[in-house]
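Peer 1: take a look and give me a structure for this.
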Amino acid sequence: MCENKDAGSNECHCKVERVPNFAQPRLLLELAKKASHGYELIERLSQEGNATPDPGNFYRMLRSLEEEGLVCSTWDTQNSGPARRVYELTDQGTEFLHAWAATVNQTHQSLGRFLSDYDTLFPK
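Peer 2: Presented below is the predicted three-dimensional model:
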């Protein structure tokens, strides 16, 4: 059956691919709710029970999204303290987010069919 079992063990060590990271679409969805500066976005994403995003990687992702035209930014100099870059979703970013949602919906339906078949074959 499974060639990846330890000798004398029933535990299978087959490689199962992880669900992809949804950092990009989650970030875009947060920006669809409200234009925000990076630190505020990190805080909001952290409140969802996920690990706190690494700030260095997070800001690189924001710059990459801006280069791709999915977000744009302006400097906020109105508040006290240093100027902050405020990011907002572009029309292109909204279209990208719609495409992600469609893909996630299709995946959700496929996973539902898989789990239904699995539960039929292996009832609890």
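Peer 1: for this structure, longest helix please?
Peer 2: Ranked by number of residues, the top helix in the chain under DSSP state H is helix 91-121.
Peer 1: now it: mean pLDDT?
Peer 2: The pLDDT scores in helix 91-121 average 96.
Peer 1: again, but for stretch 57-70
Peer 2: Rounded mean pLDDT across stretch 57-70 is 95.
Peer 1: what comes up buried for that stretch?
Peer 2: By neighbour count on 16 or more other CB atoms under 10 Å, the buried set for stretch 57-70 is 58-59, 61-62, 65-66, 70. Backbone N, C-alpha and C define where each C-beta goes, glycine included.
Peer 1: off-centre distance for it?
Peer 2: 14 Å (CA atoms, centre = their mean, to the nearest Å).
Peer 1: where along this protein do the strands fall?
Peer 2: 36-37, 71-76, 84-89 (DSSP state E).
Peer 1: can you tell me what sits against the last one?
Peer 2: Read that as strand 84-89. Residues from elsewhere that reach strand 84-89, judged by CB atoms under 8 Å, 6 or more residues apart in numbering: 28, 31-32, 35-39, 41, 62, 66, 70-76, 97.
Peer 1: now do it: distance to the chain's middle.
Peer 2: Counting by CA atoms, centre = their mean, strand 84-89 comes out at 18 Å from the chain centroid.
Peer 1: now the angle from that strand to helix 91-121?
Peer 2: 60 degrees (axes from the mean of the first three to the mean of the last three CA atoms, to 10 degrees).
Peer 1: so what strands line up beside strand 84-89?
Peer 2: Strand 84-89 sits in its sheet next to strand 36-37 (antiparallel), strand 71-76 (antiparallel), going by DSSP bridges.
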